[in-house]
Structures are given as C-alpha cells and as structure tokens.
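>>> Sequence and computational prediction follow.
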Amino acid sequence: MSYLTGSLKIEILMMIGYGDRARTQCEVVRLFRETHPDLPPLNQGTISKIEAQYRAMGHVRKVPSKMQAVVDDDTKLNLLLALEENPITPARQLARDSFMNYLVCKGQKGHIGVSQKVKKAIS
C-alpha cells in the first residue's frame, strides 16, 4: 500500500462514491485494476483501510505510526541522577516520581543505560 499516493487514495474514495451510487469494495478493486493496469492490484482489505481512515480522520494523509516524545534536558538530568543513585529502579517508579509517561521513561532509561555502558567501556 506504500505505492498509493494521496491522490490515488482520493481517487479510490471517489470510486467508492456516496449516496445513491455507492460501489462495493469488490467493484472498486475491479475498477481500480481497469483504470490503473500498471500498478500492483489492490485487495479488498486495502480499500477497507482507506475508507475506514477517511471515515475516522476525515483525510487520507499518511499518519506517523509512532510519535517521538520530546523530553527536556531537566527531565533527562533528573532521570540520570535517579539512576545514578539507584541503578535498578524500575521504569514505572521513575515515571511516577517524575510525572512522565511510563513508555517515555522506559525509553529514556534504556537510552541512559546504553550511554552509561559505552562510557564505562571507553574508560
């Protein structure tokens, strides 16, 4: 589905249609193959996902699957100090203590742990 540009997705939505003349997803697959024989064939699941995304979000732009959390330097320093004090502190406890999301804290803890191992290996 990565070959589908935004304009192709919009074209698929137009092929589906609305109101009195709504096509089934199988009809859209057939029509798309006839219209674009040079592209790989679509399946019904792809049409379903495009339509569901449009109904849920109102657009068919690509949505990043994982948002990168922004952690400021003060929070990183606090986590580093807490890990220096007690290196086996669970990430859930660190998250509670610093009022952050557990997954963000877990990622930062792993990043800090890796950089500490590198520093020890270099020394």
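Alright, I've got the coordinates.

>>> Every contact and neighbour count from this point should use C-alpha atoms.
Fine.

>>> Domain parsing of the chain, as residue ranges.
6-57, 73-115 (automatic domain parsing).

>>> Out of the ones you listed, which gets nearest to Val63?
domain 6-57 (9.8 Å; C-alpha to C-alpha).

>>> start to end distance for that closest one?
14 Å (C-alpha to C-alpha, to the nearest Å).

>>> Repeat that for stretch 24-42.
14 Å.

>>> Just the residues contacting that stretch, thanks.
By C-alpha atoms under 8 Å, 6 or more residues apart in numbering, the residues outside stretch 24-42 that reach it are Ile12, Met15, Ile16, Asn43, Gln44, Ile47, Ser48.

>>> Can you say which of those are buried?
Burial by neighbour count, judged by 16 or more other C-alpha atoms under 10 Å, picks out Ile12, Met15, Ile16, Ile47 from those.

>>> what's the second one in contact with, if anything?
Think Met15. So Met15 contacts Arg23, Val28, Leu31 (C-alpha under 8 Å, 6+ apart).

>>> Just the buried ones from these?
With burial judged by 16+ other C-alpha under 10 Å, the buried subset of those is Val28, Leu31.

>>> Mind listing what's buried along the host helix or strand of Leu31?
Leu31 is located in helix 25-35, with elements delineated by DSSP states H and E. For helix 25-35, a neighbour-count test (16+ other C-alpha under 10 Å) marks Gln25, Val28, Val29, Leu31, Phe32 as buried.

>>> Give me the mean pLDDT for it.
Computed over helix 25-35, the mean pLDDT rounds to 92.

>>> swap in stretch 43-62?
pLDDT averaged over stretch 43-62 gives 87.

>>> ok, which stretches of the chain are helices?
6-16, 25-35, 44-57, 73-85, 91-98, 102-122 (DSSP state H).

>>> got a markdown table for those helices, with distance to Val63 too?
Formatted as a markdown table, the helices of the chain follow (distance: least, C-alpha to C-alpha, whole Å):
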| stretch | distance to Val63 |
| --- | --- |
| helix 6-16 | 12 |
| helix 25-35 | 23 |
| helix 44-57 | 10 |
| helix 73-85 | 28 |
| helix 91-98 | 27 |
| helix 102-122 | 20 |
